[in-house]
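Visitor: my questions are about this predicted structure, shown below with the sequence.
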Amino acid sequence: MFLEKIVKKSLTERISKLGTKHTCVRHKTYYRFQCDSCNALFEREKGSIAIKRISNDYKHVCGACDPKRFAQKQGVRQRKILDMNVSSDTPIDKL
Ligand SMILES: [Zn+2]
C-alpha cells in the first residue's frame, strides 16, 4: 500500500583545493509503503521504483517478503472468491 512521499535532506561536507569547507545540500525523494504481505513499513528511493507503481492500483511487498509467494496467494484468494460466486454445487432451491 502506498502511504506517502517524503523528501530527505542530506548534508555532505567537501573540502576544496584551498582547504575551505563547503556544505552541500542534497534532496532525495522517497516513497513510503506498507507491505501488503506483512504490514511492515518500508521506503523506496524515487529512482528505484517505476512511477506507475506509486499508486494503490498496485500491491507492494517489502524486501523481507517474497513477492512471488505473495502473488501466488493473491491468485488463490481470487480463485476462492470466484468459486464462491459461480458455485454449481449449491442447489437452486437453496439460493
Ligand atoms: Zn513484508
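Guide: That came in fine, so what should we check first? Numbering: from 1, shown residues only.
Visitor: going forward, measure contacts and count neighbours with C-alpha atoms only.
Guide: Noted.
Visitor: and the spatially most central residue of the chain, which of the three is it?
Guide: With distances taken as Cα atoms, centre = their mean, the residue of the chain nearest its centroid is residue 60 (3.3 Å). Under the three-state scheme (DSSP: H, G, I helix; E, B strand; the rest coil), residue 60 adopts coil.
Visitor: A helix includes residue 77, no?
Guide: Yes: counting by three-state DSSP, residue 77 is located in a helix.
Visitor: pull the number of nearby residues for it.
Guide: The number of residues packed around residue 77, counting by other Cα atoms under 10 Å, is 12.
Visitor: interface residues of the chain facing the ion?
Guide: Proximity of the chain to the ion (Cα under 5 Å from the ion) is limited to residues 35, 37, 38, 62, 65.
Visitor: the first one and residue 60 touch, don't they?
Guide: Yes: applying Cα atoms under 8 Å as the test, residue 35 and residue 60 come out as touching, 5.6 Å apart.
Visitor: what do these two both touch?
Guide: When contacts are counted by Cα atoms under 8 Å, 6 or more residues apart in numbering, the set common to residue 35 and residue 60 consists of residue 1.
Visitor: gap between residue 78 and the ion?
Guide: 20 Å (Cα to the ion, to the nearest Å).
Visitor: nope, residue 48 is what I was after
Guide: From residue 48 to the ion the distance is 18 Å (Cα to the ion).
Visitor: so how far is residue 30 from that residue?
Guide: 9 Å (Cα to Cα, to the nearest Å).
Visitor: more neighbours: these two, which one.
Guide: With neighbours defined as other Cα under 10 Å, residue 48 and residue 30 compare such that residue 30 has more, 19 against 9.
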